Structure formats: structure tokens, C-alpha cells
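Participant: Need coordinates for the below:
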Amino acid sequence: MPKIAKELGALAVSRLSQPGLHMVGHVAGLALQVTPTGARSWIFRVMVGGKRREIGLGAYPGVSLKEAHERAKAARAEIVAGIDPVFARKEAASRLRASKALEVTFEEAARRFITSKSAEWSNAKHAEQWKSTLTEYAYPKIGALLVRHINREHVLQVLEPIWTTKTETASRLRGRIENVLDWARVKGFRSGDNPAAWRGNLDHLLSRPSKTKQVRNHPALPITEMGTFMVALRATDTNAARCLEFAILTAARSGEVRGATWDEIDLDKAVWSIPAGRMKAKKEHRVPLSDAAVSLINAMPRIDGCKIVFFSPTGKALSDMTLLAILRRANLDATPHGFRSTFRDWAGEYTNYRRELAEVALAHVKGDASEAAYWRGDLLERRRRLMTDWATFIATPLPKGAVIPMQRMA
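Facilitator: Predicted coordinates:
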């Protein structure tokens, strides 16, 4: 035990200004430390487990002499009880830092989740869609809440206002909230069941999306009007018009056509190979090109350094709105995607081609693995006949009231 120094009073302590350690008495080991800059603080020198410890008790005069006595006595009592005050403080500070690290809000968790998953999303727009839906609907109500505090009622407050009016958006939003909360659980920011889960949870409280949402098909042009429309479309001399024409001839999705590059098209074999990364099903899709489609491609201009076949004035891919504008100017209640429906109606109602062949042409074949593999196989020539018949059919306007002839069987 250190010797107890002569006890100093408050006035004497206030006069200590010489740099160094000044023992003040009353409690053995209690001293006022004065630095060369004049700063003063309380130090309690004591043995803990056979090792000397210097325990800081606070700055002077913020901590008075009387309070320093009390803090020193309390520290000594802890040591007698087998507690190392220095270690105890470090442990408490560590627990505090760890606790703060777990205080993550839903908005912060969502942003971190999107950042961590964006690399595996092939479509750059996917991350933006996540951000926009969460920003519009989730953040205003639960964005500031800690993820560990979010419960089922909070999730319902987000979903219920739009569940019946914007069912598809609400359903996607629910799945996104569920993913964020699952990520937060794995990261250790929350525990317990996921309040945004559907099965066994929200399915008891919300109507099934399939029963709630109104199915909105893409408006399609009637089959009997295709020939007349194609004459007008071919009279329009723009890249956008050629892009839409090629989409119609190939029955491909607008995005697949707008993103078509020269290296995807083999004019010698008359085949357009769309890579998996640009397909909705994430599988390569080969499109046999009719003579009309090949002629269209051969007539397309090229610019140095541009891989896009149907480029915009800026040399980039056309937007879907550019194609839609063509139909709007023609006062047609149709969308670029709707021509796929027109093609499917024609193939199913006015030809003898097997249903599966038309589904392959639309890249729709699902079924089991063996069926899908069969229909995705080398059926190019059979599909080429289908697409050639389609190109022939839409090339000529039908007289009013004419009966559409059945096409031959593949």
C-alpha cells in the first residue's frame, strides 16, 4: 500500500501548478497530475493483481477534490471486490461500441443490402427499381426505425395502403422488405421471425396478389390490321421504325431488339443469337431470320465504333418510349410488346403450327427439363418456316371482311 501523503485542502490543491504528479492525501495513491501545458487531472495510483495501475478519475477542476476522494474510494472498493476498474471500463466501452454498431435503421440496412447484391443483378435498372419503391413507400414509414424493432404491424402500415390499388408493386415491395430484414438477421442486426414473410404470416392478413391485382395485358393490334399497319410503318424512314419492324418480324421483346448488336447477328446463316444476359429467362435464344428480316438488317446503316444495330441519334440504344411514340402518332391503342400477342394469336388461330413451336419463338417454353430441352433444340428450320409465313402474312393488307387463310403445317 502506498503511503498516505499529507492531506491537502481545496485551496492548496487549486494552487498546484508545477508540472508533475502531486499527492494530495486522504486516500493513498490519489494525486493531481499537472502537464507542461498546465492541464490538470486526477490520477489514482494503485496495485491491481500485482500490477501497478494508474486510473484516471477526471479533469480538475471539473472533478473537485471532494469528488476525487469519493471516486478513489469507490475504485479501491472495486479492487477489493476483485474487479479491475481499468479493465471494467474498457469492457463497458467495448459493449457500448458493439451495441451502437447494431443500431442499424431499415433505410441504412436496405442501402447496404442493395450495394452488396447489385453485383449479381445483371440488369442495372434492378437496383434503381429497388431504390425507387423503397424510397417511395417504405422509407417514409419504417426507414428511420431500427431493423430490430420492426414488427408485422410496421410492415402492414407500408403495404396495406397500396395492396389493392397497386397490388403488383405492393407484392414486389413486400418481397424486398423481406429480403432486407433477412439480410439484417444474418448480419446480426435483428433476431426472430421475418415479419414481412408471406407464407404462414402475411398470407393470413392480406388477400392473395393473384386474386387482387387486375391483369393488364399489353394492348395488341388486331390481326386483320397488321398488313395495313406494316405498309405505313415501312413508309417511315427512321431507325426507330426499322427497330419496331424487326421486333414484329422476329416476335422478340422490345428490349432484346433495341439492344441488338452486330456481333449477335449471323447474316450468312440468317440467325440472331441473343445472349443469356439479355434474355428474360437468362438463357441464350436463337432467332431464325426470315428473308424480310435479313433484308432489313442488310439495309441498316452502320457507324464506326457503334455496336448497336438500331442506334439513336446519339449512337446509343433506342428507348422503349421511342417505339411507343410511333404507335401513338398512328393513333393506335397498342404497345411494342403487344405485337408478340398478335403473333401468338395468328400462330394459334390461323396456322397449323404446333403450339410449342410458337412458344419457342416467343422464348416462353417452360415445362420440365426434358421438354424444355427438346423444344429449345435444333428446330431452327421449322421455326424459320413459321417466321417466314408470319412475314408473308403481315406484308399484305387484308381487304375489309376478308377471311384469313390457314397457313401450312410445319
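Participant: buried sites along stretch 184-198?
Facilitator: Residues of stretch 184-198 classed as buried under the neighbour-count rule (16 or more other C-beta atoms under 10 Å) are 184-185, 189-190, 194-198. Yep, even glycine has a C-beta here, placed from its N, CA and C like the rest.
Participant: any idea how the protein splits into domains?
Facilitator: 10-101, 106-212, 223-394 (automatic domain parsing).
Participant: averaged over its residues, what pLDDT does the longest one have?
Facilitator: Put plainly, it is domain 223-394. The predicted model gives domain 223-394 an average pLDDT of 89.
Participant: and what of the first one?
Facilitator: Domain 10-101 shows a mean pLDDT of 81 in the predicted model.
Participant: about what we covered before: can you flag which of the buried residues of stretch 184-198 belong to helices?
Facilitator: Secondary structure defined by DSSP state H assigns 184-185 of the buried residues of stretch 184-198 to helices.
Participant: Quick check: the farthest pair among the buried residues of stretch 184-198?
Facilitator: Between all members of these, the longest pairwise span (C-beta to C-beta) is found for F189 and W198 and amounts to 21.6 Å.
Participant: For L296, which non-adjacent residue is closest in space?
Facilitator: Here the nearest residue to L296 in space, its sequence neighbours aside, is F246; by C-beta to C-beta, 6 or more residues apart in numbering that works out to 5.7 Å.
Participant: list the helices and strands the one helix or strand that neighbour maps to packs on?
Facilitator: Taking DSSP states H and E as the definition, F246 sits inside helix 239-250. Helix 239-250 makes packing contacts with helix 226-234, helix 254-258, helix 291-298, helix 320-329, helix 338-349, helix 380-394 when contacts are defined by 3 or more C-beta pairs under 8 Å, 6 or more residues apart in numbering; DSSP states H and E.
Participant: how about a cut-off of 7 Å?
Facilitator: Judged by 3 or more C-beta pairs under 7 Å, 6 or more residues apart in numbering; DSSP states H and E, helix 239-250 is in contact with helix 226-234, helix 254-258, helix 291-298, helix 320-329.
Participant: if we can go back for a sec, closest to H149 out of the buried residues of stretch 184-198?
Facilitator: Distances from H149 to the buried residues of stretch 184-198, taken by C-beta to C-beta, are shortest for R190, at 8.3 Å.
Participant: what about the strands in the protein?
Facilitator: Assigned strands in the chain, in chain order: 20-23, 30-34, 40-48, 51-59, 265-266, 271-274, 285-288 (criterion: DSSP state E).
Participant: number of nearby residues for the closest residue to W130 other than its chain neighbours?
Facilitator: Spatial nearest neighbour of W130, chain neighbours left out: I114 (5.4 Å); criterion: C-beta to C-beta, 6+ apart. By other C-beta atoms under 10 Å, the residues close to I114 number 20.
Participant: next one: Y353
Facilitator: Summarising burial for Y353: neighbours were counted as other C-beta under 10 Å, giving 22.
Participant: thinking it is in contact with R385, fair?
Facilitator: No - checked against C-beta atoms under 7 Å, the pair Y353 and R385 is beyond contact range at 8.3 Å.
Participant: Report pLDDT for the spatially most central residue of the chain.
Facilitator: Closest residue to the average C-alpha location of the chain: A127 at 3.5 Å, with C-alpha atoms, centre = their mean. Reported pLDDT at A127 in the predicted model: 81.
Participant: And the residue lying closest to it once chain neighbours are set aside, how far from E128?
Facilitator: The shortest distance from A127 to any non-neighbouring residue, by C-beta to C-beta, 6+ apart, is to S118 (4.7 Å). For S118, the distance to E128 equals 10 Å [C-beta to C-beta, to the nearest Å].
Participant: cool, and E7?
Facilitator: Between E7 and E128 the computed distance is 72 Å (C-beta to C-beta).
Participant: Over to A197?
Facilitator: Look at A197 and E128: by C-beta to C-beta, they are 25 Å apart.
Participant: Kindly report the same for M300.
Facilitator: When distances are taken as C-beta to C-beta, M300 and E128 turn out to be 30 Å apart.
Participant: which of these two has more neighbours?
Facilitator: For M300 against E128, the residue with the higher neighbour count under other C-beta under 10 Å is M300, and the figures read 15 against 12.
Participant: for the spatially closest residue to the more buried one that is not a sequence neighbour, what are its contacts?
Facilitator: Distances taken as C-beta to C-beta, 6+ apart place V309 nearest to M300, at 5.9 Å, with adjacent residues excluded. The contact partners of V309, by C-beta atoms under 7 Å, 6 or more residues apart in numbering, come to 260-262, 297, 300.
Participant: most surrounded residue in those residues?
Facilitator: With neighbours defined as other C-beta under 10 Å, the most crowded of these is A260; it has 25 neighbours.
Participant: Just give the closest residue to it, not the sequence neighbours.
Facilitator: Using C-beta to C-beta, 6+ apart, the closest residue to A260 is V309 (4.6 Å).
Participant: In a markdown table: the contacts of V309, plus distance to D389.
Facilitator: Below are the contacts of V309 laid out as a markdown table (distance: C-beta to C-beta, whole Å):
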| residue | distance to D389 |
| --- | --- |
| A260 | 23 |
| T261 | 28 |
| W262 | 27 |
| I297 | 19 |
| M300 | 24 |
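Participant: Out of those, name the ones that lie in helices.
Facilitator: In this view, those that belong to helices under DSSP H are I297.
Participant: closest to V48 among the contacts of V309?
Facilitator: Ranking these by separation from V48, with C-beta to C-beta as the measure, puts T261 on top at 73.0 Å.
Participant: what's around E107, how many residues?
Facilitator: E107 has 18 neighbours, counted by other C-beta under 10 Å.
Participant: measure the residue nearest to it when sequence neighbours are not counted to S191 for me?
Facilitator: Of all residues beyond its chain neighbours, the one nearest E107 is G143 (3.7 Å), with distances taken as C-beta to C-beta, 6+ apart. Noted for G143: a distance of 21 Å to S191, by C-beta to C-beta.
Participant: neighbours of the residue nearest to D263 when sequence neighbours are not counted, just the number please.
Facilitator: Spatially, and ignoring its direct neighbours in sequence, D263 is nearest to K307 (6.7 Å; C-beta to C-beta, 6+ apart). When neighbours are counted by other C-beta under 10 Å, K307 registers 15.
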